[in-house]
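[1] Need coordinates for the following:
(chains A and B)
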Amino acid sequence: MSSETSRPIAWSAAWRISLWGTLAFAIGTLIVFIFLHRFVSNDIQQRNDAWLWGEVSLLGDVAERTPKDALYSQVIAEMAELVRKEVPNKRRSLSTGNDHVFFLEKGENGSLKLWVGEGTGESTLNAILHSRILPDQPIDLFVDGISTPFRVVSLRVEDGSRIYLGLSEEDQLRVLNRFRVYFVLLWLVIVLFGFALMFSISRGLLKNVQSITDAASRIGRSDLTTRVPTARRADEVAHLAVTLNSMLDRIENAMHQLHTMTDSLAHDIRSPITAVRGKLEASLSAPSAEEQADSIVSSIEVLDRLSQFLTDSLDVAEANADALRLSRSEVDLAEAVGAMIDLYLPTFSERDLTLRFHCDGPVSINADPGLIHRAISNLFDNEVTHLPNGHTVTVALRVTDVVMLTVEDDGPGFAPEIIQHLFERRAKGRDSSGRGLGLAFVDAVARAHGGVVSASNRATGGALITVCLPLAVNVSVFAERTGGAIQE
Amino acid sequence: MRFLLVEDELDIQQFLKRSLTESGYQVDAAGDARTAMKLAADVVYDTLIVDLGLPDQDGIDLILSLRQVGVKAPVLILSARRSVDERVKGLEQGGDDYLTKPFAFAELLARLRNLLKRDSPPEHISTRLRVLDLEMDLIQRQVTRAGQELHLTTQEFALLEFLCRNAGKVVTRSMILERVWGMRINPKTNLVDVHMSRLRGKVDGRGRKPLIGSQRGMGYVLRNV
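    From the prediction side, this is the model:
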């Protein structure tokens, strides 16, 4: 994608999202590890302490019970040697010698009474003498020359001397150290893997967004017919694409309307203005007063048609913008249609058209009488202008759960190329002299009243227009009175 | 009869003033609401003609403030707006009338006369109309021309009655549709002409002197001379 290659990857949202996400994950796992580490190290220490206490009390017992003779040192030393051999941590290295445990008995005067362990024990004694040892509390003892501290417990024996048992913390530290190393390695792998996964997922998602962006920018520049690609999955991005596409549909529709509007406005307004201008110019140079008057009169006629066209266009535009102001009252639709038929009948018969009306009595609707009149008049105008001589128009008014006004004829029907667009402004047949506002207005009026209009060609030939309007509350439908058919 | 014409478009103002003066009325013209208020405070007018789109105030507001200072004359509202405002409808119910631009002068004149008639005491309701040798009996619903009875349909009768009541004056097609059929519609077909030619065939047929004349570009007129 063009914009992606031109920008460093670090600027992309996918990069930032994965970075922050991974950071949060890394910090979170680190905190968990710290808690885990403390728990493990405490646990190891507690076990070591328990072992030390057990062993030291055993040694103390033996020391107390063993008579203080020449053998005492030997017994205790052997005992201590045994203890050294059962060091709790089995995993310790098989290093030469056993410097992990020491046993030390300190005399009352602070002298070294007994030492079992590596070396002479002098440095250990020094360390003990210099550190504050709390009774019955294990401590960490640092001995000069040895890098790892010892865990030391002490017990006072009867003769006033004190025995110390120390366990090197080297094993414990090594375990914890290994634990940390393993964790850090694993942690790094997981974090890197997580980052890669998150980056690839968000990149994939944002790639869709990017393609939507690209398509949208193409649309803005050139044409409105392009659509944004829609993903197969039904996620939020796919939803965005679908929404965007339906928005584009509406915009395209509006633009199309605007174009046809302006195109036809140019034609429908400029032409009559040109005609009027020409006629008036002609009247200026007309030789006789009669010819002069003739030009002027026909100018007035053109202007009348123009102003009527303007009224209709504006009405349809207003209605399509749902801005028709309705001043509703109770209207008897049967009466309205009947009156309109009375008005149109001579015109129909003059053109050798038959007009029939079927109706079952008063049909009361809550509507704007002016608009309803004009809509019906448009439907009739449509028939008068488009139906060839000698055909029959049947108007019927039926009441089911809605009010249904049908106007059908047995003429040639709607041309197939316009039947899809009948209710659009400007829709008109090829040889129609009208301006294609009639049915658009009917549609707009019906919609303003909460109804619908449909148009189709009948199976037996001829056009059929159905206007459905909602019923007013109290409707009185009289018994069958189909005798109301009017025939010329 | 003295009218106050409130219209900011100078072309329209001048043409209306001239035409109304020619028709025998006195006309004062104002180009904005302020001037109109001043004029209305000095002179008592028989009718006001008010355009809705004034530069300094909405026409309806002007009418309402004129009403507040006690101007009772009926108002003919001129409007370029297609759909009529609820407030205009309110005024219409209060006895005023409205006319959408563009209009035929004949229609404006007819509406003005109607407004004036509403103001004057009702003339005695005639049951017979007579124009030259044409006679209409509104009760018996009989029409005779030079003593000979004409057989008219209900619609033709209503149409002829309207023409008789406006004898000598031009009536436009939209006036006929509104008054005779009670519809404010703009048919794209020559409905009124068809009706009129049928009526004409009955009234003026058989070599009689034609009574119903048509004025091209305007409408029809029933000759009374």
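[2] how long is stretch A:124-140 end to end?
    From its first residue to its last, stretch A:124-140 covers 12 Å (CA to CA, to the nearest Å).
[3] How far does that stretch sit from its chain's centre?
    Taking CA atoms, centre = their mean, to the nearest Å, one finds stretch A:124-140 lying 67 Å from the centre of the chain it belongs to.
[4] outside of it, which residues touch it?
    Outside stretch A:124-140, the residues that touch it by CB atoms under 8 Å, 6 or more residues apart in numbering or on different chains are A:49, A:52-53, A:102, A:104, A:106, A:110, A:112, A:115, A:117, A:141-144, A:149-154, A:156, A:164, A:166, A:169. For every residue, glycine as well, the C-beta is placed using N, CA and C.
[5] Make a ChimeraX selection of whichever of these turn out to be buried.
    Buried members of the contacts of stretch A:124-140, defined by 16 or more other CB atoms under 10 Å in any protein chain shown, are picked up in ChimeraX with:
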select /A:52,102,104,106,112,115,117,141,143,149,150,151,152,153,154,164,166,169
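[6] Which residue lies nearest the spatial centre of chain B?
    Nearest residue to the geometric centre of chain B (CA atoms, centre = their mean): B:A110, 2.2 Å.
[7] which ones are touching it?
    Contacts of B:A110 (CB under 8 Å, 6+ apart): B:N166, B:K169, B:V171, B:M175.
[8] got the phi/psi numbers for the nearest residue to B:G31 once chain neighbours are set aside?
    In space, and not counting its chain neighbours, B:G31 is closest to B:D8: 5.1 Å by CB to CB, 6 or more residues apart in numbering or on different chains. When quoted as degrees, to the nearest 10, the phi and psi of B:D8 stand at phi -90, psi -20.
[9] likewise B:R128?
    Per degrees, to the nearest 10, the backbone of B:R128 is at phi -130, psi 140.
[10] Now for it: which residues touch it?
    B:E135, B:M136, B:D137, B:L138 are the contacts of B:R128 under CB under 8 Å, 6+ apart.
[11] Same question for B:G95, what's its three-state structure.
    coil (DSSP: H, G, I helix; E, B strand; the rest coil).
[12] right, and it touches B:R118 too?
    Yes: with contact defined as CB atoms under 8 Å, B:G95 counts as touching B:R118 (6.1 Å).
[13] what sits in contact with each of the two?
    B:P74.
[14] Could you list the low-confidence segments of chain B?
    Applying pLDDT under 70 to chain B flags residues B:82-86, B:89, B:93, B:119-124.
[15] now the helices: where do they sit in chain B?
    B:10-22, B:33-42, B:59-68, B:86-93, B:105-119, B:154-165, B:173-180, B:191-203 (DSSP state H).
[16] angle of the second one against helix B:59-68?
    Relative orientation of helix B:33-42 and helix B:59-68, computed by axes from the mean of the first three to the mean of the last three CA atoms, to 10 degrees: 20 degrees.
[17] How many neighbouring residues does the closest residue to chain A within chain B have?
    Distances between chain B and chain A by CB to the nearest CB are smallest at B:G217, namely 3.6 Å. Counted with other CB atoms under 10 Å in any protein chain shown, residues neighbouring B:G217 total 18.
[18] Would you mind listing what in chain A touches chain B?
    Within chain A, the positions adjacent to chain B are A:296-301, A:303-304, A:307-308, A:311-312, A:314-315, A:318, A:324-325, A:327, A:339-340, A:342-344, A:346-347, A:350, A:370, A:373-374, A:377-378, A:380-381, A:384-385, A:434, A:438 by CB under 8 Å from any CB of the partner chain.
[19] 6 Å instead, please
    Counting by CB under 6 Å from any CB of the partner chain, chain A comes close to chain B at A:297, A:300-301, A:307-308, A:311, A:314, A:325, A:342-343, A:346-347, A:350, A:370, A:373-374, A:377, A:381, A:384.
[20] contacting residues around A:T226?
    By CB atoms under 6 Å, 6 or more residues apart in numbering or on different chains, the residues touching A:T226 are A:R218, A:I219.
[21] Please report how far it lies from A:V209.
    Distance of A:T226 to A:V209, given as CB to CB, to the nearest Å: 17 Å.
[22] returning to what we had before: just put the contacts of B:A110 in TSV and tack on neighbour count.
    Putting those into TSV (neighbours: other CB atoms under 10 Å in any protein chain shown) gives the following:
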residue	neighbour count
B:N166	20
B:K169	17
B:V171	26
B:M175	21
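[23] now, which of the residues you listed sits nearest A:A289?
    B:K169 (23.3 Å; CB to CB).
[24] what's the closest residue to A:P470 other than its chain neighbours sitting at in phi/psi?
    Once flanking residues are discounted, A:P470 sits nearest to A:G450: 5.0 Å by CB to CB, 6+ apart. With angles defined as degrees, to the nearest 10, A:G450 sits at phi 80, psi 20.
[25] Mind checking which of the residues of chain A next to chain B land in strands?
    In strands, judged by DSSP state E, none of the residues of chain A next to chain B are found.
[26] Pull out the buried residues from those.
    Judged by 16+ other CB under 10 Å, buried ones among those: A:300-301, A:307-308, A:311, A:343, A:346-347, A:350, A:370, A:373-374, A:377, A:381, A:384.
[27] Show me which of those is closest to chain B.
    The closest of those, once distances to chain B are taken by CB to the nearest CB, is A:I300, at 3.6 Å.
[28] thought the residue nearest to A:P470 was touching A:C468?
    No: under the criterion of CB atoms under 6 Å, A:G450 makes no contact with A:C468, lying 9.5 Å away.
[29] Mind giving me the packing neighbours of the helix or strand hosting A:A275?
    In the assignment (DSSP states H and E), A:A275 maps to helix A:236-284. In terms of contacts (3 or more CB pairs under 6 Å, 6 or more residues apart in numbering or on different chains; DSSP states H and E), helix A:236-284 is packed against helix A:170-221, helix A:289-320.
[30] now the first one: how far from the chain's centre is it?
    Offset of helix A:170-221 from its chain centre (CA atoms, centre = their mean): 23 Å.
[31] helices or strands next to it in the packing?
    Checking 3+ CB pairs under 6 Å, 6+ apart, helix A:170-221 ends up next to helix A:13-65, helix A:236-284.
[32] and it with helix A:236-284, angle?
    Using the same axes, to 10 degrees: helix A:170-221 against helix A:236-284 is 20 degrees.
[33] Which segments of chain B make up each domain?
    B:2-119, B:128-222 (automatic domain parsing).
[34] Close to chain A: what parts of chain B are there?
    Close to chain A, as judged by CB under 6 Å from any CB, chain B has residues B:82-83, B:102, B:155, B:181, B:183-189, B:191, B:194-195, B:198, B:216-217.
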